[in-house]
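>>> Quick one: sequence plus predicted model below, questions after.
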Amino acid sequence: MARASGSTVALSRLWPGRTDRLIIAPHDLRTADATRAAEIYAGRFVFAGKIVTCHGRSIFDLEPPSEDWEAALLGFGWLRHLRAADTALTRANARSLVDDWISNQARRRPLERRADVRARRVISLLSQAPLVLGDTDGKFYRKYLRGLAREIRYLRYSTLDNDGVPRLQVLIALCYAALCLANQAKSIRAASKRLSDELQRQILPDGGHISRNPGALVELLSDMLPLRQTFAARNIAPPPALLNAIDRMMPMMRFFRHGDGSFALFNGMSTAPSDLVATLLAYDDTHGVPMASMPHSGFQRLDAAAATVIIDTGPPPPASVSQDAHAGCLSFEFSSGPSRIVVNCGMPATGRDNWRPFARSTAAHSTLTYHEASSCQFVELSAMKRLLRGAPITSGPNNVEHYREAVADGDMLTTSHDGYLARFGVIHRRVLMVSHDGTRLEGEDSLTPAPGGRIKGESDFALRFHLHPSVKASRLSDARGVMLVLPNRDVWTFEALDDKVDLEDSVFLAGNDGPRRTSQIVIRQDARQASSLRWSFVRSSTSATATNARRNARREPELPL
């Protein structure tokens with residue numbers, strides 16, 4: 001059996017004459033940690049922030065502490081940690097655990113049959129076959145192949161009701177299976193055709209995924225890049241649709257990155273493993289500057305010197321892939337160099353169900369919220385959520401407009417959306433301008449009735465700017481601004497003309513160690529009294545103390561002595 005990345009271990013020579021055999025193993029790009037092999041050998045399985053200790057029992061007999069933990073266990077991705085240790089003990093441990101799972105069909109759990117979990121398991125069993133089969137005999141080899149063939153058969157005939165990333169994962173796994181098993185020429189052609197059709201549907205012309213979630217790019221490229229290598233290792237031309245999709249997705253991944261390498265938090269994005277992202281970007285041959293506009297995915301980017309602003313300027317994705325989509329239209333994230341300043345709350349990597357309703361709401365994004373309502377509406381009935389396996393978006397902005405122009409002071413983006421038009425009779429319009437030197441971000445948010453229309457019902461709204469937890473924020477004495485001190489000691493000042501500015505608690509959900517407490521700048525107004533708010537973020541050239549003193553001197557009149 002050959003590794004797609006190079007070296008060969010011809011297992012077929014150990015059992016000559018067999019037609020059902022593995023001939024190649026895909027490369028796994030996900031980071032492996034050899035120290036975790038010792039934990040697994042000791043019976044401690046740590047997944048998705050939860051720990052389960054076996055105490056001599058089979059890990060597959062124990063009650064899982066969470067669905068995320070169970071999906072990680074049954075996906076068998078943890079075998080890569082045993083491979084990283086690469087000792088006779090870890091190989092025997094891997095073989096014992098896989099044998100335990102194969103031998104006990106009677107205790108199968110419902111989650112094992114979920115298409116994306118089964119797809120991950122097939123890919124893991126194929127890519128880690130050299131680990132599991134390296135020191136084994138013919139009897140276990142045949143047992144392993146039978147178990148693997150059974151999983152592939154179920155996967156091949158499983159329904160593809162789940163749209164989006166899970167469907168692509170199933171088709172990628174079937175391509176791997178056809179390439180890695182002997183005598184599968186017909187299956188290779190069929191699997192390649194199905195994958196090509198789905199890639200052309202799900203990967204948009206600008207490289208974004210149809211779900212509008214940046215995390216989908218990381219998840220899919222982690223499997224698509226090794227798949228391209230596996231085709232090459234078999235001396236089979238990869239499908240053009242696969243090559244074209246990868247070429248479009250790589251620049252899109254750069255588009256969503258801030259100066260510190262982290263991803264902008266839109267539509268279900270959480271923290272992404274920095275080592276995995278670095279590995280994926282090493283395959284990008286262009287190494288170019290991120291593009292400014294991604295019109296098919298619905299995002300815009302403003303770059304000036306060290307400043308970066310990434311804005312959501314698109315309508316919600318199709319309902320079939322909107323289970324994780326957020327009501328964040330016209331929200332933005334803002335960073336300066338390696339420091340993130342304004343963010344969206346994002347989504348935690350684990351325990352998502354507890355936070356999902358809040359994280360998807362407009363109030364969890366750095367944009368305008370009208371009457372504490374979200375710009376999108378979601379399925380709310382519990383029975384429908386169970387049937388649809390989530391809460392898709394039922395309505396939201398239909399008409400999202402954006403216009404870019406170069407002005408004397410910098411680059412300007414004008415945007416608007418009608419997500420509040422049907423319910424409240426207003427259109428949200430946002431203008432952003434970044435100065436050429438990257439030291440100033442100016443904005444204006446306004447609410448206007450549709451032509452010939454009027455505001456319906458309530459008219460209160462709030463403008464929110466969620467701050468990254470690393471930013472130290474303090475409200476200025478005149479209540480018209482907030483001073484922000486970044487980790488690198490840069491000082492920025494937020495000001496709103498003629499409006500009271502509040503500093504309130506918030507939560508940053510996408511932290512590496514889970515949700516973190518942070519702050520948000522909030523301006524509240526009434527659309528019938530003040531339909532437009534102007535604000536700015538300005539970098540100071542002096543220290544926080546000097547900035548505060550100078551600002552107070554400018555604001556306060558001299559005493560009449």
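On my side now, so go ahead. Residues are numbered from 1 along each chain as shown.

>>> From here on, just use CA atoms for contacts and neighbour counts.
OK.

>>> Just give the nearest non-adjacent residue to Asp197, would you?
Ala241 (7.9 Å; Cα to Cα, 6 or more residues apart in numbering).

>>> what's the helix or strand hosting the one you found packed up against?
Element membership for Ala241 (DSSP states H and E) is helix 240-255. Helix 240-255 sits against helix 185-202, helix 214-233, with contacts defined as 3 or more Cα pairs under 8 Å, 6 or more residues apart in numbering; DSSP states H and E.

>>> Check those for me and report the most buried one.
Across the helices and strands packed on helix 240-255, averaging neighbours per residue (mean count of other Cα atoms under 10 Å) puts helix 214-233 on top, at a mean of 20.

>>> Do you have the strands of the stretch 301-450 of the chain handy? List them.
307-312, 332-336, 339-343, 368-370, 377-378, 393-395, 400-407, 410-417, 426-435, 440-449 (DSSP state E, counting those that start in this stretch).

>>> low pLDDT regions in the stretch 151-300 of the chain?
Counting by pLDDT under 70, the stretch 151-300 of the chain contains low-confidence ranges at 159, 161, 288.

>>> Output the below-cut-off pLDDT ranges for the stretch 401-550 of the chain.
In the stretch 401-550 of the chain, residues with pLDDT under 70: 542-550.

>>> Could I get the full set of helices for it?
Taking DSSP state H, counting those that start in this stretch to define them, one finds helices in the stretch 401-550 of the chain at 421-424, 544-555.

>>> quick one: buried residues of stretch 252-267?
252-258, 262-267 (16 or more other Cα atoms under 10 Å).

>>> Now do the closest residue to Asp409 other than its chain neighbours against Ile311, distance only.
The shortest distance from Asp409 to any non-neighbouring residue, by Cα to Cα, 6+ apart, is to Ser435 (5.5 Å). Applying Cα to Cα, to the nearest Å, the value for Ser435 to Ile311 is 16 Å.

>>> what does Phe494 give?
According to Cα to Cα, Phe494 and Ile311 sit 19 Å apart.

>>> More neighbours: the two, which one.
More crowded of Phe494 and Ile311, by other Cα atoms under 10 Å: Ile311, with 26 against 22.

>>> Pull the number of nearby residues for the residue lying closest to that one once chain neighbours are set aside.
Of all residues not flanking Ile311 in the chain, Phe332 sits nearest, at 4.3 Å (Cα to Cα, 6+ apart). Neighbourhood size, Phe332 [other Cα under 10 Å]: 26.

>>> again, but for Leu368
Leu368, neighbours per other Cα under 10 Å, totals 30.

>>> do the same with Asp513
Using other Cα under 10 Å, Asp513 has 12 neighbouring residues.

>>> Ramachandran angles for it?
Backbone torsions of Asp513, given as degrees, to the nearest 10, read phi -110, psi 20.

>>> Same check on Arg57?
phi -90, psi 170.

>>> Quickly note the distance from it to Pro130.
26 Å.

>>> Which pLDDT does the model give Leu62?
For Leu62, the pLDDT comes out at 92.

>>> what about the nearest residue to it once chain neighbours are set aside, neighbour count?
Counting by Cα to Cα, 6+ apart, Cys54 is the residue found nearest to Leu62 once chain neighbours are left out, at 7.6 Å. By other Cα under 10 Å, 16 other residues sit near Cys54.

>>> and what of the one 10 residues further on?
One way to gauge burial is a neighbour count; for Pro64, by other Cα under 10 Å, it gives 16.

>>> show me what contacts it?
Going by Cα atoms under 8 Å, 6 or more residues apart in numbering, Pro64 touches Val52, Glu70.

>>> Look up how far Leu82 lies from it.
For Pro64, the distance to Leu82 - Cα to Cα - is 21 Å.

>>> Could you do Ser532 as well?
Counting by Cα to Cα, the gap from Ser532 to Leu82 is 59 Å.

>>> what does His417 give?
From His417 to Leu82 the distance is 50 Å (Cα to Cα).

>>> Which one's more surrounded, these two?
For His417 versus Leu82, neighbours defined as other Cα under 10 Å are more numerous around Leu82 (28 against 24).

>>> about what we covered before: surely the residue nearest to Asp409 touches Leu302?
No. Contact criterion Cα atoms under 8 Å: Ser435 and Leu302 do not qualify, at 9.9 Å.

>>> shared neighbours, the two?
Shared contacts of Ser435 and Leu302, counting by Cα under 8 Å, 6+ apart, come down to Asp411.

>>> what's near enough to touch the closest residue to Leu441 other than its chain neighbours?
In space, not counting the residues next to it along the chain, Leu441 is nearest to Val434; the distance is 4.7 Å by Cα to Cα, 6+ apart. By Cα under 8 Å, 6+ apart, the residues touching Val434 are Leu302, Asp303, Ala304, Ala307, Asp409, Gly410, Asp411, Met412, Arg440, Leu441, Glu442.

>>> Mark which of the residues you listed are buried, thanks.
Leu302, Asp303, Ala304, Ala307, Gly410, Asp411, Met412, Arg440, Leu441, Glu442.

>>> returning to that earlier point: distance of the residue nearest to Asp409 relative to Phe45?
Ser435 is 51 Å from Phe45, by Cα to Cα.

>>> cool, Arg118 as well?
Distance, Arg118 to Phe45, by Cα to Cα: 19 Å.

>>> Neighbour count: these two, which is higher?
Neighbours per residue (other Cα under 10 Å) separate Arg118 from Phe45, with Arg118 holding more: 25 against 21.

>>> Give the helix, strand or coil label for the more buried one.
For Arg118, the assignment made with DSSP: H, G, I helix; E, B strand; the rest coil gives helix.

>>> ok, for it, nearest residue in space, not its chain neighbours?
Glu112 (6.3 Å).

>>> what's the answer for Ala129, then?
Ala129 sits nearest to Ala25 (Cα to Cα, 6+ apart), 6.7 Å away.

>>> Tell me what that neighbour is bridged to.
Beta-bridge partners recorded for Ala25 (DSSP bridges): Arg3.

>>> How many neighbouring residues does it have?
29.

>>> now swap in the one 5 residues further on and tell me
If you count neighbours by other Cα under 10 Å, Arg30 ends up with 18.

>>> State the distance from it to Ser339.
27 Å.

>>> before we move on, which element is the residue nearest to Phe60 when sequence neighbours are not counted in?
Distances taken as Cα to Cα, 6+ apart put Trp101 closest to Phe60, at 7.0 Å, once the chain neighbours are dropped. If you go by DSSP H and E, Trp101 is part of helix 88-103.

>>> next one: that helix to chain centre, how far?
Relative to its parent chain, helix 88-103 has a centroid offset of 32 Å by Cα atoms, centre = their mean, to the nearest Å.

>>> repeat for stretch 530-542
Centroid separation for stretch 530-542 versus its chain: 30 Å, with Cα atoms, centre = their mean.

>>> Other residues contacting it?
439-448, 490-497, 499, 547.

>>> are any of those buried, and which?
Looks like these have 439-448, 490-496, 499, 547 buried, using 16+ other Cα under 10 Å.

>>> which ones are touching Leu89?
Counting by Cα under 8 Å, 6+ apart, Leu89 has no contacts.

>>> Would you mind measuring from it to Tyr154?
Relative to Tyr154, Leu89 is positioned 32 Å away (Cα to Cα).

>>> residue closest to the middle of this protein?
Gly215 (2.3 Å; Cα atoms, centre = their mean).
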